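Undergrad: Quick check, what structure comes out for this input:
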Amino acid sequence: MGMTPWPADFTIQEVDTAYSFLNSHCDIISHHFDDGIPYEEAYLNQPFPAAMIQDVQTRLNKTTPGKKIFLSVAALNISRSVKADYYAQSAVATGIKDTWKLLPFNDPKVVDAYMNYISWLIDSFDPELVNYAVESNLSLFDPTAFLQYKDFIAQVYPRLKNKYPSIPFFISFMVDETNDGFGNAMQLLPYTDYIGLSAYPYAGVSSSADGNTDPALFPAAYFNRYIQMSSKPLAFAETGYIAEDLVIPSFNLNKQGRESWQRDYLEMVCRLCNQNRAKLLIWFCSKDYDAGNIRLQTMGLYQDLFALWQDIGLKDPAGRPRPVMQTWLNWMEKEKIE
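TA: Below is the predicted model:
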């Protein structure tokens, strides 16, 4: 059981607060990389951007020595339908970035660049397990682009397995009720060691159509179609649940959040993990990040998308533990079986 170090605000104090929770109340830390890829530098084995190197070093410095690490890397950008953007803080010329943007997923240069990039992260963190393709089954994925992405995955997976034979490599699938999303996941099944799930059901589960996100109303066996898609082990690569109302007009979202429903959801997921002998459960962040979103707004970097996960913390913006916190601690105390 673990979390990412996503902070409640982008200050030294809140970063330290996030790591303190991880180091005290988690078995494993999820280092999640979703900020783009320095393609040119990776492809040519040149030094990576200074900001990226500093980010990795900070994460390593703040992680307690000996703490297990889960590495999660996105090959797609935040839309989950196109290739990851170029790492924004890279100093390479705009023309070079534009050239990489035009290359299809399965171009040999893209495959080589991604292999070099993720290999650098693996060598830096020495992870227990790796999600090498975050949220890969979007139901709205353009079919032609998805076939190119599938070819990319089919090239990367065996190379990773050959280079790091002792590490489990898996893909995470977004849990939804569409046949297209499930079909895309099934197509990628040969290229994953685990059934990795990414789930934030409050935003889209059919039972929340009227805004009521009570997990007791979920369709029967909501998760089971994905869990049972093969006999491969289960891993919840990331999940979370709102404790406050979620209102984002630009996304036509108006969902009711309750602290009791958040607690019930975590209990549901923990029981699922226990019943299926899951390898991993990652809750995305430990504290609501309202302050972080306000800071992003002042910097002109905010997107409405960031509000989707703002209120899923085990602690509210003031740091008050919610009822879900005790549920987390109760499950943390249980014996884990390898």
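Undergrad: can we go C-alpha only for contacts and neighbour counts from here?
TA: Noted.
Undergrad: Which residue is most remote from the mean position of the protein?
TA: Here the chain reaches farthest from its C-alpha mean at Gly95, the gap being 30.2 Å by Cα atoms, centre = their mean.
Undergrad: how about the CA coordinates for the helix or strand it falls within, as CSV?
TA: Using DSSP states H and E, Gly95 sits in helix 94-102. The C-alpha trace of helix 94-102 is given here as CSV (Å, rounded to 0.1, in the frame of the first residue of the first chain):
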residue,chain,number,x,y,z
THR,A,94,11.8,24.3,-30.9
GLY,A,95,12.4,22.8,-34.3
ILE,A,96,13.8,19.7,-32.8
LYS,A,97,10.8,19.3,-30.5
ASP,A,98,8.4,19.8,-33.5
THR,A,99,10.2,17.1,-35.4
TRP,A,100,9.7,14.6,-32.6
LYS,A,101,6.1,15.6,-32.3
LEU,A,102,5.4,14.5,-35.9
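Undergrad: for it, packing partners?
TA: helix 39-43 (3 or more Cα pairs under 8 Å, 6 or more residues apart in numbering; DSSP states H and E).
Undergrad: Quick check: buried residues in the helix or strand following the helix it packs on?
TA: Note on helix 39-43: by DSSP H and E, the next helix or strand toward the C-terminus is helix 50-62. For helix 50-62, a neighbour-count test (16 or more other Cα atoms under 10 Å) marks 52, 62 as buried.
Undergrad: Could you confirm Phe236 falls within a helix?
TA: No - Phe236: not assigned to a helix; according to DSSP: H, G, I helix; E, B strand; the rest coil it is strand.
Undergrad: what's the spacing between it and Met174?
TA: Separation of Phe236 from Met174 (Cα to Cα, to the nearest Å) stands at 10 Å.
Undergrad: what is in contact with the two at once?
TA: Common contacts of Phe236 and Met174 (Cα atoms under 8 Å, 6 or more residues apart in numbering): 197-199.
Undergrad: Cross those against strands and list the overlap.
TA: By the criterion of DSSP state E, membership of the shared contacts of Phe236 and Met174 in strands covers 197-199.
Undergrad: Turn these into TSV, including distance to Leu301, pLDDT and neighbour count.
TA: Compiled in TSV, those are given as follows (distance: Cα to Cα, whole Å; pLDDT from 0 to 100; neighbours: other Cα atoms under 10 Å):
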residue	distance to Leu301	pLDDT	neighbour count
Leu197	28	98	24
Ser198	25	98	23
Ala199	25	98	23
